[in-house]
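[1] sequence and computational prediction follow.
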Amino acid sequence: MDQEEGAEAASAIYERVAPAVVFINAISINPYRSTERVEYSVGSGFIIDPEGLVLTNSHVAFGSQSLVVKLNSGASLPAQLIGADPIFDIAVLRIPKPEQGTLPAVKLGDSDLVRVGEDVMALGSPLGLEQSLTRGIVSAINRVLPPASFTLQQPLIQVDTPINPGNSGGPLLNRRGEVVGITTAIMSNAQNIGLAVPINQAKEALPSLLAQGRLVRPWLGFHGQFIDQVLQSFLRIPLEVGFLVEVVEPGSPAAQSDLRGGDLEMKIAGNEFLLGGDIVTKLNGTPLTTPENIIAAFGELKVGSTVNLAIFRFGKSLEVTYTLPERPLLPGDLAGKTAWTPLAGKSIRDASRRRF
């Protein structure tokens, strides 16, 4: 790995990148509490544009009443949240440019080139300890964690690089000092299983976050999982290959179109299913015969377009058609992922108050 083309020593990368890595203090108010309503959290971020754009995690900044960014130089600057996506956990802030000179900025790499076993480094402020550098390797790529929706697939980079609360939003660096990910979370009850948002995903989201303040998604209004002939042969009941609708979201276009979710919980070979709901066999004419087909078909949907679903329900075939509105922010989007713990951490100066 030391012979990797363009690789630099960790110390050289640190000296070059650290000036563009920032420490973020966030203050928010919980209106549902009668005491200790003010909540404090800290995180990390990195400057991606000399004009003052800072990339970080949504869970560091979204919903905060006050954001202060501390530069490597020690200067503290007020920050404005420009856009955030809690689902993919990406946010962009703006800080004022200095009156003289320019802000340092990181170089963004290509996360599609990241390979398992590659050396990576995380730079951030774990538990408020500013500008801490840790090192490890890429343990896996395209890691999709449960619960995952086919409509909201988020492949993550898994690393064994030591990261802790406060690292959230900091850069994951390759051996050339390029940002290939945003450190985001750790697996609960595990050791050295860290997760990062691939930087290419952030690049794709950035134009929409800057222009509209959010990512615009179509709202199908249901979620579930793929089922195939194996389940059918095991249960010996009428089933079709396709997308099993397990939950229909209240108030969604799917609910208004009488799409039906499941009500019979079953665990087969370690996999849990909620049976009894509709099975979508085709979406806009595309047969949903593999997980890859499902992801591709869902990926073609746009806000305002019409979706036509071929449905298998209790041995009968029918069609459901409705127009796709924009997906709203749902309660589950802000509740955090059950399999992992976001890394916004407590401040050392206020260890009694902590928000994850």
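    Right, received. Where do you want to start?

[2] can you pull out the strands in the stretch 201-350 of the chain?
    Taking DSSP state E, counting those that start in this stretch as the test, the strands found in the stretch 201-350 of the chain are 222-227, 242-248, 264-268, 271-275, 279-283, 286-287, 306-313, 316-323, 340-342.

[3] quick check: which of these is buried the most?
    Counting by mean count of other C-beta atoms under 10 Å, strand 242-248 has the highest mean neighbour count of these, with a mean of 23. Bear in mind the C-beta positions are built from the backbone N, C-alpha and C, glycine included.

[4] what's the closest of the strands of the stretch 201-350 of the chain to Leu172?
    Ranking these by proximity to Leu172 (C-beta to C-beta) places strand 340-342 first, at 15.3 Å.

[5] so where is the stretch 151-300 of the chain shaky, pLDDT-wise?
    Residue ranges of the stretch 151-300 of the chain with pLDDT under 70: 151-152, 236-237.

[6] state the mean pLDDT of stretch 5-25.
    Stretch 5-25 carries an average pLDDT of 94.

[7] give me the distance between the two termini of that stretch.
    Stretch 5-25 has an end-to-end distance of 37 Å (C-alpha to C-alpha, to the nearest Å).

[8] buried sites along it?
    Along stretch 5-25, these residues count as buried under the neighbour rule (16 or more other C-beta atoms under 10 Å): 7-8, 10, 13-14, 17, 19-25.

[9] out of those residues, name the ones that lie in helices.
    The helices, defined by DSSP state H, take in Ala10, Ile13, Tyr14, Val17 from these.

[10] distance of Gly251 from Phe234?
    Applying C-beta to C-beta, to the nearest Å, the value for Gly251 to Phe234 is 35 Å.

[11] kindly report the same for Arg16.
    56 Å.

[12] got the domain boundaries for this protein?
    Domain assignment for the chain by automatic domain parsing gives 12-94, 111-216+333-342, 222-323.

[13] take the ones you listed and write them to TSV, including distance to Ala105.
    As requested, the domains of the chain are arranged in TSV below (distance: least, C-beta to C-beta, whole Å):
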stretch	distance to Ala105
domain 12-94	5
domain 111-216+333-342	10
domain 222-323	31
